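K.L.:
got a predicted model here, sequence first, then my questions.
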Amino acid sequence: MSVAGINVLVEETRALQAPLLDVRGVSAYYGSIQALKGVDLHVNEGEIVALIGANGAGKSTLMMTIFGQPQARTGSITYAGRDITRMATHEIARLNIAQSPEGRRIFSRMSVRENLQMGAAVHGGRHFAEDLERMCTLFPRLKERLDQRGGTMSGGEQQMLAIARALMSRPRLLMLDEPSLGLAPLIVKQIFSAVRDLNQREGLTVFIVEQNAYHALKLAHRGYVMVTGAVTMSGTGRELLDDPQVKAAYLEGGQH
Amino acid sequence: MEFFAQQFINGLTLGSIYGLIAIGYTMVFGIIGMVNFAHGDVFMVSAFIALIAFLILTTWLGLSSVALVFLIVLVVAMVLTALWGWAIERVAYRPLRGSFRLAPLISAIGVSIFLSNFVQVVQGARNKPVPPLVRDVVVLYQNEQYTVTLSYKQAIIMVTTAVLLAGFWYLVQKTPFGRAQRAVEQDRRMAALLGINVDRTISLTFVLGAALAAVAGTLYLLYYGVVSFSDGFVPGVKAFTAAVLGGIGSLPGAVIGGIIIGLIETFWSAYFSIEYKDVAAFLILIVVLIFKPSGILGRPEVEKV
């Protein structure tokens, strides 16, 4: 075997062992305010990883920092063996990472179909018809509303659309920011079971940020707890659910 | 009635030109929230490009087919003006993105002054005439006192405007570029999260706006037969007025606003006094802004979150 061949093999083995997403010592600022203070976490291929924490802990900032908005000031972010710390947002999006961001950010003056077409923009809509079909099976509510304007839909429908839009790019890693925010419990259940399905049947890797810690930790294989810009605790979903500190801080008030 | 019909045709012609320029204002405002004050001068530059192309084709190369000359002039003006539009955004606006809101506005005024002075220095301060390209008229209606005519020029202007607007409408509504353009307009950051190159999309918006201004510039030259370095200002301001009147940010609004301004101006000149035609146009603007600040097709700023 040639040297080049061995190098390729070494690279591949390393890629197999390395986590799909690796965040190391990342700090980020909004102006002069430090929002992330040396965050370390990783997501392995095929996992569901939850990041929980209170409002303002920096969870959404981390999600956006992974996409280079704002860029990390120190530390590194590696995705699938590539350093993406200094990459432009749209270039990161073309690496098969998709995000359903905080606040859903549906294009409100575009139809549901157009929103989904935007999700498929990274590969020029080549598998559009097929993927549209898949999304309509996953979220039947969207099928009835394809020609409706995004802005006129209910919060739950918009959340489904935001997730479907992210999935249209056929991501390897799906990042969900607060998918349960403001939604009725039944809808939350539907959305979480759809995510679990995608993970189990298609091996989709999911990184989910939630305030709804109970649901998120039940769904996830592993979890991290974030407090004021730093990760303070990590473990399997079960471990964190049983942890007295987590219980006291995030699960108080019952299993909502 | 005949007089009215004639003035209506004249107003529609003028309004088409305003509408084409207004699209450039409205698109740029829609996507980066900035009034591109240099747009009127881009229009003026395009008329000069058309003029030069026309003279090269007719006097140097001796082309005599009117349709061919017109088409080549139109395409050359569109391409070269688009290049200007691209360069202006790149040099004068992009470096200021993310700085305070007034910075690009001031830069735009600077570009506007630069362009008119540049043309004045390079082309001279006098009016530049072109020999009339088409002279024929079609008589639409005739009685003892009055004749209603549609000149070929007017027909060309309306048809060209209609065809290009249809093409442009298709581009914005149905193509991936158009979708990306609208997405960036609505939520720039989300568009980037979906893999859209925001800077490139903004560049292309300037290119498109400039190309449409070039169509207007070519038609303006065809219609009036003269152009001078200062011709960017008044049509530019009127087209901007048209964009505001139609609802800034709205593409159909820009065209409708343009036609309304063209009609008002023409009717006012015909029935009242030609000296006050600009006053009339701006008076209407003031009235509209008082009673419907978002313009005719503008959307109110409230949106469901």
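P.N.:
Nice, thanks for sending it over. Numbering: from 1, shown residues only, chains lettered A, B, ... in the order given.
K.L.:
next, count neighbours for the nearest residue to residue B:207 once chain neighbours are set aside.
P.N.:
In space, and not counting its chain neighbours, residue B:207 is closest to residue B:82: 4.5 Å by Cβ to Cβ, 6 or more residues apart in numbering or on different chains. To be clear about C-beta, it is placed using only N, CA and C from the backbone, and glycine gets the same treatment. Residue B:82 has 22 neighbouring residues, counting by other Cβ atoms under 10 Å in any protein chain shown.
K.L.:
which positions in the helix or strand containing residue B:82 come out as buried?
P.N.:
Element membership for residue B:82 (DSSP states H and E) is helix B:66-88. Under the neighbour-count criterion of 16 or more other Cβ atoms under 10 Å in any protein chain shown, helix B:66-88 has B:69-70, B:72-74, B:76-78, B:80-82, B:84-85, B:88 buried.
K.L.:
need the pLDDT of the residue lying closest to residue A:168 once chain neighbours are set aside.
P.N.:
Take residue A:168 and drop its neighbours on the chain: the residue closest to it by Cβ to Cβ, 6+ apart is residue A:119, 3.2 Å away. As predicted, residue A:119 sits at a pLDDT of 96.
K.L.:
check contacts around residue A:119.
P.N.:
Going by Cβ atoms under 8 Å, 6 or more residues apart in numbering or on different chains, residue A:119 touches A:98, A:164, A:165, A:166, A:167, A:168, A:169, B:194.
K.L.:
and the last one, what does it touch?
P.N.:
Read it as residue B:194. A:93, A:118, A:119, A:121, A:122, A:165, A:169, B:183.
K.L.:
can you check residue B:12 too?
P.N.:
B:154, B:158, B:259, B:262, B:263.
K.L.:
can you put the residues you listed in a markdown table and add secondary structure and distance to residue A:215?
P.N.:
Output for the contacts of residue B:12, formatted as a markdown table (DSSP: H, G, I helix; E, B strand; the rest coil; distance: Cβ to Cβ, whole Å):
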| residue | secondary structure | distance to residue A:215 |
| --- | --- | --- |
| B:154 | helix | 67 |
| B:158 | helix | 61 |
| B:259 | helix | 56 |
| B:262 | helix | 60 |
| B:263 | helix | 61 |
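K.L.:
and which of the residues you listed is nearest residue A:205?
P.N.:
Nearest to residue A:205 among the contacts of residue B:12 is residue B:259, at 54.3 Å by Cβ to Cβ.
K.L.:
for stretch A:121-136, buried residues please.
P.N.:
For stretch A:121-136, by 16+ other Cβ under 10 Å, it's A:121, A:122, A:125, A:128, A:131, A:132, A:134, A:135, A:136.
K.L.:
again with stretch B:181-189
P.N.:
B:181, B:182, B:183, B:184, B:185, B:186, B:187, B:188.
K.L.:
can I get those in JSON lines including distance to chain A, secondary structure and pLDDT?
P.N.:
Output for these, formatted as JSON lines (distance: Cβ to the nearest Cβ, whole Å; DSSP: H, G, I helix; E, B strand; the rest coil; pLDDT from 0 to 100):
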{"residue": "B:181", "distance to chain A": "11", "secondary structure": "helix", "pLDDT": "95"}
{"residue": "B:182", "distance to chain A": "6", "secondary structure": "helix", "pLDDT": "94"}
{"residue": "B:183", "distance to chain A": "5", "secondary structure": "helix", "pLDDT": "96"}
{"residue": "B:184", "distance to chain A": "10", "secondary structure": "helix", "pLDDT": "95"}
{"residue": "B:185", "distance to chain A": "9", "secondary structure": "helix", "pLDDT": "93"}
{"residue": "B:186", "distance to chain A": "5", "secondary structure": "helix", "pLDDT": "94"}
{"residue": "B:187", "distance to chain A": "5", "secondary structure": "coil", "pLDDT": "94"}
{"residue": "B:188", "distance to chain A": "10", "secondary structure": "helix", "pLDDT": "93"}
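K.L.:
count of neighbours near residue B:274?
P.N.:
So residue B:274, with other Cβ under 10 Å, has 11 neighbours.
K.L.:
what does residue B:60 give?
P.N.:
8.
K.L.:
just list the residues touching it, thanks.
P.N.:
Neighbours of residue B:60 in contact, by Cβ under 8 Å, 6+ apart: none.
K.L.:
quick one: contacts for residue B:146?
P.N.:
Per Cβ under 8 Å, 6+ apart, neighbours of residue B:146: B:2, B:3, B:6.
K.L.:
quick check: PyMOL command selecting the buried ones in these.
P.N.:
Buried members of these can be picked out in PyMOL with the line below, counting by 16+ other Cβ under 10 Å:
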select buried, chain B and resi 6
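K.L.:
okay, and which of the contacts of residue B:146 map to helices?
P.N.:
B:2, B:3, B:6 (DSSP state H).
K.L.:
check what pLDDT the second one gets.
P.N.:
Meaning residue B:3. Confidence score, pLDDT, at residue B:3: 88.
K.L.:
isn't it up against residue B:267?
P.N.:
No. Contact criterion Cβ atoms under 8 Å: residue B:3 and residue B:267 do not qualify, at 10.2 Å.
K.L.:
in CSV: the buried residues of stretch B:181-189, plus distance to residue B:219.
P.N.:
Shown next, in CSV, are those (distance: Cβ to Cβ, whole Å):
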residue, distance to residue B:219
B:181, 24
B:182, 27
B:183, 31
B:184, 29
B:185, 27
B:186, 32
B:187, 35
B:188, 33
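K.L.:
and the residues you listed, which two are furthest apart?
P.N.:
Longest span within the buried residues of stretch B:181-189, Cβ to Cβ: B:181 and B:187, 12.5 Å.
K.L.:
other SSEs contacting the helix or strand where residue B:283 lies?
P.N.:
Assessed by DSSP H and E, residue B:283 sits inside helix B:277-291. Secondary-structure packing of helix B:277-291 (3 or more Cβ pairs under 8 Å, 6 or more residues apart in numbering or on different chains; DSSP states H and E): helix B:233-246, helix B:251-271.
K.L.:
list the buried residues in the helix or strand residue A:142 falls within.
P.N.:
Element membership for residue A:142, per DSSP H and E: helix A:140-143. For helix A:140-143, a neighbour-count test (16+ other Cβ under 10 Å) marks A:141, A:142 as buried.
K.L.:
following that helix, which helix or strand comes up?
P.N.:
In N-to-C order, the element after helix A:140-143 by DSSP H and E is helix A:155-167.
K.L.:
so the next helix-or-strand element following that following helix versus helix A:155-167, what angle?
P.N.:
Next helix or strand after helix A:155-167 toward the C-terminus (DSSP H and E): strand A:173-177. Orientation of strand A:173-177 against helix A:155-167 (axes from the mean of the first three to the mean of the last three Cα atoms, to 10 degrees) gives an angle of 150 degrees.
K.L.:
neighbouring strands - and their directions - for strand A:173-177?
P.N.:
strand A:97-100 (parallel), strand A:205-210 (parallel) (DSSP bridges).
K.L.:
tabulate the ones you listed (CSV), appending mean neighbour count.
P.N.:
Shown next, in CSV, are the strands paired with strand A:173-177 (neighbours: other Cβ atoms under 10 Å in any protein chain shown):
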stretch, mean neighbour count
strand A:97-100, 26
strand A:205-210, 25
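K.L.:
wait, residue B:24 touches residue B:40, no?
P.N.:
No. Between residue B:24 and residue B:40 there is no contact under Cβ under 8 Å: 9.3 Å.
K.L.:
higher neighbour count, those two?
P.N.:
Neighbour comparison, residue B:24 and residue B:40: the larger count goes to residue B:24, with 30 against 26 (by other Cβ under 10 Å).
K.L.:
and that one, that's in a strand?
P.N.:
No. The assignment for residue B:24 by DSSP: H, G, I helix; E, B strand; the rest coil gives helix, which leaves it out of any strand.
K.L.:
that one and residue B:96: what is the separation?
P.N.:
19 Å (Cβ to Cβ, to the nearest Å).
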